[in-house]
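Enquirer: The following comprises the amino acid sequence and a computationally predicted model.
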Amino acid sequence: MIIAGVGVGPNMMTQEAIEAIRNASVVYGSGRSIELAEPYIDGSVHEIENYRELHLLPRDAVVLSTGDPMFSGLGKFAGKDDMIIPGISSLQVACSRLGVSMTNLTAITAHGRDPTPARKLLVQELELGKNIFMLPATSFGVPEIVTVLRELEIDARIYVCERSGYPDERIAGGTVSEPPVAGSILHCLMIVR
């Protein structure tokens, strides 16, 4: 199987992913990933019903992963003989839009999982002086991050990057005392020191 990153939003797909999708006889993905890749799909298309059964798909199937498959994406389901094609991730877009270098940055995801390990990693990396990029969870977002920053007495800028790549993309910045508010479930966070 080929797992192809379709990017975080429209026009965020690599040429390699476009070619794989165009040449696929069968394509699988989430509703959102199918929508992003739709202009390039010539074969049959199916919405994924059970992500844990991806290994049962036909060998020539192309599986669409929003953003980049290796950052909180479907790359974790790849077998040793599967191919992974990168996509432009929310991490890359946020860093570009905000002018933040990736060299002193830690990427953390709490999305779709228990946020306890994400909180522990957040504290550890903040104590090391790192900037943070985060895919939040509904139970671990801006309010919880502000609490951590206050506990550690760290003054930082906090950014909410929403709907990256879409026409209604929005970036809201704030501080620990006046944090930004997310208006969309499609968002990521940046903590910049």
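Expert: That came through fine. Numbers count the residues shown, from 1 in each chain.
Enquirer: Specify the residue ranges that define each domain of the chain.
Expert: Residue ranges for each domain of the chain read 2-88, 91-192, as given by automatic domain parsing.
Enquirer: Same list, those, but as JSON lines with mean pLDDT please.
Expert: JSON lines is the format used below for the domains of the chain (pLDDT from 0 to 100):
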{"stretch": "domain 2-88", "mean pLDDT": "95"}
{"stretch": "domain 91-192", "mean pLDDT": "94"}
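Enquirer: Is it possible to get JSON lines of these that adds mean neighbour count?
Expert: Backbone N, C-alpha and C define where each C-beta goes, glycine included. Rendered in JSON lines, the data for the domains of the chain read as follows (neighbours: other CB atoms under 10 Å):
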{"stretch": "domain 2-88", "mean neighbour count": "18"}
{"stretch": "domain 91-192", "mean neighbour count": "17"}
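Enquirer: Which residue ranges of the protein form strands?
Expert: Using DSSP state E, the strands found in the chain span residues 2-5, 26-29, 44-47, 62-65, 83-85, 105-109, 131-135, 157-162, 170-175, 187-192.
Enquirer: what's the closest of those strands to Val93?
Expert: strand 157-162 (7.2 Å; CB to CB).
Enquirer: packing partners for that closest one?
Expert: On a contact count with 3 or more CB pairs under 8 Å, 6 or more residues apart in numbering; DSSP states H and E, strand 157-162 meets helix 90-98, helix 142-151, strand 170-175, strand 187-192.
Enquirer: got JSON lines for these, with distance to Ala107 too?
Expert: As requested, the helices and strands packed on strand 157-162 are arranged in JSON lines below (distance: least, CB to CB, whole Å):
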{"stretch": "helix 90-98", "distance to Ala107": "6"}
{"stretch": "helix 142-151", "distance to Ala107": "14"}
{"stretch": "strand 170-175", "distance to Ala107": "18"}
{"stretch": "strand 187-192", "distance to Ala107": "10"}
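Enquirer: who wins for proximity to Val26 among those?
Expert: Between Val26 and the helices and strands packed on strand 157-162, the shortest gap by CB to CB is with helix 90-98, which sits at 27.3 Å.
Enquirer: Kindly provide the distance from Leu57 to Glu49.
Expert: For Leu57, the distance to Glu49 (CB to CB, to the nearest Å) stands at 11 Å.
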